[in-house]
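J.: have a look; sequence and predicted model below, questions after that.
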Amino acid sequence: MADVTDYANLPDGPVVKGKLSRDDIMMRGGMLVIALYLVVTLAFPLYAMLSKSFSTFRFDLSQYEFQVSDENGVFDGTVLNGAELNAQTGVIDEAELSTGSDGRIGVTGFFPDFSFRSPVMYQIRNTSDQGRFLVGSTLQDGTDWVTLDSNTFRRVQLRPVKSTGFDNFVNYFSTPALFNSIKNSLWIAVVSTIVTVTLAFWFAYALSRSCMRFKGVFRLIAMAPILVPSLLPGIALVYLFGNQGMIKELLFGASIYGPIGIVIGSIFFTFPHAFIIISTALAISDARLYEAAASLRATRWRTFWTVTIPGARYGLISAAFVVFNLVITDFGLPKVIGGQFNVLAVDIYKQVIGQQNFEMGAVVSVVLVIPAIFAFAIDRLVQSKQVALLSARSVPYQPQPNKRTDTLSFIYCTLVGLFIVGILAVCQFAALIKFWPYDLSLSLNNYQFDKMDGGGWGSYYNSIKLGLLTAVFGTAIVFFGAYLVEKTKGFKTGRALFQMFAMLPMAIPGMVLGLAYIFFFNNPSNPLNAIYGTMAILVICSVTHFYTVSHLTAVTALKQMDREFESVSASLKQPTMKLFSRVTVPVCLPSILDISIYLFVNAMTTVSAVVFLYSPKTSLASIAVLNMDDAGDIAPAAAMGMMIFYTNAAARIIHLIVSKGVLMRTQAWRTR
Amino acid sequence: MIQDTAIGQKTYLSIDKLWKAFGSFLALKDISLDINDGEFVCFLGPSGCGKTTLLRAIAGLDLQTKGTVMQDGRDVSNLPPSERDFGIVFQSYALFPNLTIEKNIAFGLENTGRSKSEIAVRVSELLDLVGLPDQGSKYPAQLSGGQQQRIALARAIATKPGLLLLDEPLSALDAKVRVHLRHEIKELQRKLGVTTVMVTHDQEEALAMADRIVVMNHGVIEQVGSPTEVYREPANLFVADFIGEMNQIESMVAKGGRLSVGEKTFACHPHPFPDGTAVIAAIRPEDIIPHEDGYTSEDPNRNCIDVLLNEMEFLGSFWRCRLQNERFGQSELIADFSINAVRRLGLGEGRKMVIELPTDRLMAFDRPEAI
Ligand SMILES: Nc1ncnc2c1ncn2[C@@H]1O[C@H](COP(=O)(O)OP(=O)(O)OP(=O)(O)O)[C@@H](O)[C@H]1O
Ligand SMILES: [Mg+2]
């Protein structure tokens, strides 16, 4: 490392060790606190999950011994071993011996003559102090004989022993029903990525390279899917192509429940993400290259391949990996429309919620993290290249009117726009119809959420509360953390570690984070256990889940501040916190507002992380959509989904107005 | 010997055996320097020579790797900036964009036990001092570069620091404003009597403003001296070449310390080199004296030679002339002749003439090691 001082060329004598000022100490302390926050809300839970995936639980029958008396309750001293008994009777097969941490198994099957009314007495004991069994709810872990009558003996349950190893993974990969999901997940992610990136590229291309009308409207429409949960397009697709779908004939008998539905829905909800990245990439390409191409009389086609595509290639690659990541980690959409088509994110849910097999849930999580981290790493690499391109001076491209191009562009964008608006319109339509397809009269019945499962209107208000709390606390933590890590002097290792922690959340799929939180916070021996099931854990989870993008936004804003502000303030003997509140925060206010709206919208729409963490009291709107859909109340689910949409749209508008107002009031200095 | 005059004789800032390493690269090597009370010192040197690094070490913004800094009798070597006593102006000015000019200047006055009205009085005093009395309610972006520069200066001196540090404060301005501000800053510094260190790579700026110039190169100090000293008596070829123009002629030391070029030897300024050393003979263009046609002098201590006037270039206040003499090989001597002299002697391109290289202005320097 170049910044490690090499003392070889220096004379002997003491090295100057700087004395820390009060501000230095405070800033380092602050950084440690926020780093600690990230460790506790991210690293520890992930560690708990990882170790869970390697914990195996197995009944060790050889650890138990039994004696059976005669009708008079007299024991003849014959000791029977559990393993031998099972070998003779074969009541418990090999697969049943592997279990989870909560596994229990009865023992009466070992004794074919057993009857709970019989006067026969039984004795049972552990052969080693590892062994444990329950009598009713009383745990027995001693090696002394326990004597029980028949009626009590039927309440004996053996408990598994815990060991560490790869058994769960072996188990996973030897169960085709499970590991087939890997193939399924990769398949839908790849297909969705190819389609979305292609569609988004031409959309962005049309907007930046043509002179068509209504560009602003199209841009707005392209961004709309960000405002709804990913499962909402699933609901629209059910209405369109489901068993009673409006236009299901268009599928020619194919079922929307499965890969087709997942891919179409994924295109909808990932479109804005791909569009932003690609249009940024297209916006920075250099007009001079086009002039050069024109002067060489290159055809449009040739110019496209030699100028446009190379210029946008980092954007395209980055968009591809972002979309891939979004699709492979998404839970809501395949849950709603996936049918029998299993994908990894839903498997985690099924293992944990359906089968209570937490260890297997952890295994699937580990499997899911691998492609997610891979996609994330490539995206980061590409983004850093893109930044270098951005800073180079170039002349922005100005499109020239061209009737044919403009018309084609307009038609194409209209089609894509219709797809996006159509999905939303179908949801709104579904929400307002009394009983599709039998009674098409309009009504607001579907908005009577209190009459449905899913938490009613309370869950909607909870969502708003979660959105606001996440926005307020998240913005404060993220911005302050970014400030400290950017402006603290020295302390290189600490800062590098902090940066790493700040980047990590983006690589962790929501399902994995949520499950990790169960393992970590629902552990009775964890002092933080008290927040389990409260709004607090939902806020913490959301802040951590969406930390990275917010952090990067804050860092970008801070990097644009003069590096010497802190030096000036120190030379004037003013506390750094005064500089922070008087200068840094006001100057960065636009970015701070951007961070808070980002956090609000995401907290409103997220399903994956919180699906494991909500309690009846803290149910959320997005979860209600999921649960109502699950219960067959699809129309109310659509209605709730659209409530989220309108709330987010309203939040965006308020954000816009506030930003404008704040800018006018506090940022008069920006206009000269 | 200690006495306090306008420029005191008392050492205010003392730098001793300072080293700074970035990895294995040494940005400062064994820097020792004393700066007197009330003195205006310029750090001058080419880009990357370590001027800013030294300034930041003095401020405590980037600590030196080894060595001590004493300020006003106090060892501040390892203190953070907030516990030292200085005001600083950066090249970017670093004015707080969202605060008005008044608020910018008042920033350091707050939390110092001054009342609001005291602060207001001091701020308007400072605005008067830097000549911008009615700009207080504007924002920095509404001022010109030169005005922003003065505000940054006012902010830095608001708390009456004992030491003023300026890092290339004028380099972001255009030439005219620069010359003007040069005088203003110097004036202000004299009025306040504050010890000042300014970093610059502009030699004119250093010559015009400094009481003493510290010439730096590759992380070491090449020479410390008053502007006239470093100009008239450069300690080595680097200083000679970096400050002002210098003709350089390869030569050998001949008997009696004279410098031989070809068969001819020249008398020169005293130097320490023994006979037979290969040296560079150097003379500044403006030190070369033109003579009338046919002028001769038998005096061996008057270095007169015949030259051909190859080319003349009018530079406003003088003529720059390129002179050729086969003794100097291909390279030409550059001489600056006054407009008067050119008219008086009727000089023109293609003329043969006699010039004199005054003995005490002809200097000998070590040859730079072959690279
Ligand atoms: N943080 C750093 N890490 C590594 N090298 C550095 C660092 N800061 C400065 N240097 C190196 O130290 C040397 C001196 O830098 P310094 O900024 O002091 O130069 P300077 O004389 O002020 O030049 P300029 O006139 O260009 O401002 C340069 O070679 C520079 O590359
Ligand atoms: Mg510098």
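T.: Happy to help now that I have it. Ligands and ions are numbered 1, 2, ... in the order given.
J.: and residue 236, what is it in contact with?
T.: All of this is about chain A. Residues counted as contacts of residue A:236 (C-beta atoms under 8 Å, 6 or more residues apart in numbering or on different chains) are A:422, A:423, A:424, A:426, A:427, A:430, A:638. To be clear about C-beta, it is placed using only N, CA and C from the backbone, and glycine gets the same treatment.
J.: actually chain B
T.: Listed by C-beta under 8 Å, 6+ apart, the contact set of residue B:236 reads B:222, B:223, B:365, B:366.
J.: hmm, residue B:361 is touching residue B:269, no?
T.: Yes. Proximity of residue B:361 to residue B:269 meets the contact threshold set by C-beta atoms under 8 Å, at 7.1 Å.
J.: how about the strands in the stretch 51-200 of chain A?
T.: Shown for the stretch 51-200 of chain A, the strands assigned by DSSP state E, counting those that start in this stretch span residues A:55-58, A:64-68, A:80-81, A:98-99, A:105-106, A:121-126, A:133-135, A:138-140, A:146-149, A:156-158, A:161-164.
J.: before we move on, the earlier item: neighbour count added to the contacts of residue A:236, as TSV?
T.: Below are the contacts of residue A:236 laid out as TSV (neighbours: other C-beta atoms under 10 Å in any protein chain shown):
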residue	neighbour count
A:422	14
A:423	26
A:424	21
A:426	21
A:427	24
A:430	24
A:638	28
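J.: kindly indicate which of those lies nearest residue A:484.
T.: Residue A:484 lies nearest to residue A:424 out of the contacts of residue A:236, by C-beta to C-beta, at 41.0 Å.
J.: thinking again about what came up before, residue A:567: which of the contacts of residue A:236 is nearest?
T.: residue A:424 (51.3 Å).
J.: my read is residue B:154 is in a helix, agree?
T.: Yes. Checked against DSSP: H, G, I helix; E, B strand; the rest coil, residue B:154 lies within a helix.
J.: that one - how many residues pack around it?
T.: By the criterion of other C-beta atoms under 10 Å in any protein chain shown, residue B:154 has 24 neighbours.
J.: does it touch residue B:105 like I think?
T.: Yes. Contact criterion C-beta under 8 Å: residue B:154 and residue B:105 qualify, at 5.1 Å.
J.: where do the contact lists of the two overlap?
T.: Listed as contacting both residue B:154 and residue B:105 by C-beta under 8 Å, 6+ apart are B:126, B:127.
J.: low-scoring stretches of the stretch 101-250 of chain B, by residue?
T.: Nowhere does the stretch 101-250 of chain B drop to pLDDT under 70.
J.: relative to residue A:289, how far out is the closest residue to ligand 1 within the stretch 201-350 of chain A?
T.: The nearest approach of the stretch 201-350 of chain A to ligand 1 comes at residue A:314, 28.3 Å away (C-beta to the nearest ligand atom). To residue A:289, residue A:314 is 15 Å away according to C-beta to C-beta, to the nearest Å.
J.: so between these two, which is more surrounded?
T.: Set side by side, residue A:314 and residue A:289 show more neighbours around residue A:314, with 23 against 18, by other C-beta under 10 Å.
J.: so that one, which of the three states?
T.: Assigned with three-state DSSP, residue A:314 falls in the helix class.
J.: hang on, isn't it packed against residue A:380?
T.: No. At 11.9 Å, residue A:314 and residue A:380 do not qualify as touching, with contact defined as C-beta under 8 Å.
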